[in-house]
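Asker: quick one: sequence and predicted model below, then my questions.
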Amino acid sequence: MNVLVIDLGTGNIRSLSSTLTYLGATHVVTADPAALRTATHVILPGVGAYDAAMEAVERLSLARPLQEYAVERSMPLLGVCLGMQILCEGSEEGRRHGLGLMPGRCLRLASNGEAHHKVPHVGFSAIHGYRDAGIFQGLGPNAHFYFTHSYALASLDGDSNVAVCDHARPFVAGFQSGMLCGVQFHPEKSQSTGLRLLSNFFELA
């Protein structure tokens with residue numbers, strides 16, 4: 001297994017790297033697009049603003065290699081938090097187009113004024129609606145994960161395995177479509193459920 005963590009330079013990925021080391025997943029943190037040629041599993045994390053992340057993708061010449069890896073070669077790719085959002089077509093947070101690997105645009109989270117439905121959405125929340133398969137296998141119903149975000153994908157059509165979180169209105173907390181996966185939460189900060197999800201991702205081949 002050759003795990004690659006894409007470093008866009010938009011956030012601290014030390015905790016993710018430490019978690020992978022804890023799981024025994026030998027990995028490389030890099031922004032070199034050539035490394036995608038030999039990777040067996042790729043994680044695309046992201047923190048910060050949408051446009052800044054896409055500017056980094058363009059500056060590092062990663063867009064086309066990521067599309068070849070995920071679509072043409074159908075290899076396992078996991079987008080985390082902002083990394084999941086840029087897999088989609090765009091976001092109302094910014095003006096730049098996303099990678100377009102999944103349909104849909106990300107929208108600002110709704111808020112109904114209640115304390116537990118504030119924006120940004122920060123803390124542990126339950127997810128539901130997913131099938132017990134792929135990256136969601138063995139999590140049990142209503143697994144809890146750690147979130148910190150203000151934008152999210154509102155819905156996802158098709159036959160993807162989709163997890164939903166309720167925050168004033170439902171949003172897509174995670175999905176798997178073939179080997180392409182995305183999670184709005186941070187598995188590296190989500191204790192045993194996060195470790196299980198990452199372990200499930202490494203089982204994809």
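Answerer: Sure thing, it's come through.
Asker: OK, contacts around residue 123?
Answerer: 146-148 (CB atoms under 8 Å, 6 or more residues apart in numbering). All C-beta atoms are positioned from the backbone trio N, CA, C, and that covers glycine.
Asker: mind listing which of the residues you listed are in strands?
Answerer: 146-148 (DSSP state E).
Asker: scan the residues you listed and report the most crowded one.
Answerer: Neighbour counts for the ones in strands among the contacts of residue 123, by other CB atoms under 10 Å, peak at residue 147, which reaches 25 neighbours.
Asker: and the pLDDT for the closest residue to it other than its chain neighbours?
Answerer: Among residues not flanking residue 147 along the chain, residue 185 sits closest, at 4.8 Å (CB to CB, 6 or more residues apart in numbering). Predicted confidence (pLDDT) for residue 185: 98.
Asker: swap in residue 157?
Answerer: At residue 157, the predicted lDDT confidence score is 81.
Asker: please give the element, helix or strand, for it.
Answerer: Using DSSP states H and E, no element contains residue 157; it sits outside every helix and strand.
Asker: quick check: the gap between it and residue 177.
Answerer: 11 Å (CB to CB, to the nearest Å).
Asker: higher neighbour count, these two?
Answerer: Between residue 157 and residue 177, counting by other CB under 10 Å, residue 177 is the more crowded of the two (19 against 8).
Asker: circling back to that earlier point, who's in contact with the residue nearest to residue 147?
Answerer: Residue 185 neighbours (CB under 8 Å, 6+ apart): 81, 125, 127, 145-147, 165, 173-174, 194.
Asker: same deal with residue 57?
Answerer: By CB under 8 Å, 6+ apart, the neighbours of residue 57 are 8, 63, 66, 86, 99.
Asker: I figured the fourth one hits residue 56, correct?
Answerer: In other words, residue 86. No: look at residue 86 against residue 56 with CB atoms under 8 Å: they stay out of range, at 9.5 Å.
Asker: neighbour count: the two, which is higher?
Answerer: Neighbours per residue (other CB under 10 Å) separate residue 86 from residue 56, with residue 86 holding more: 31 against 19.
Asker: which outside residues touch the longest strand anywhere in the chain?
Answerer: Using DSSP E, we find that the single longest strand of the chain is strand 169-177. Applying CB under 8 Å, 6+ apart, the contact partners of strand 169-177 are 84, 102, 109-110, 125, 127, 130, 133-136, 145, 147, 152-156, 158-165, 181-185.
Asker: please redo it, this time with the cut-off set to 7 Å
Answerer: 102, 109-110, 127, 134-135, 152-156, 158, 160-165, 181-185 (CB atoms under 7 Å, 6 or more residues apart in numbering).
Asker: write the ChimeraX selection for whichever of those are buried.
Answerer: Buried residues among these (16 or more other CB atoms under 10 Å), as a ChimeraX selection:
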select :102,109,127,134,135,152,153,156,160,161,162,163,164,165,181,182,183,184,185
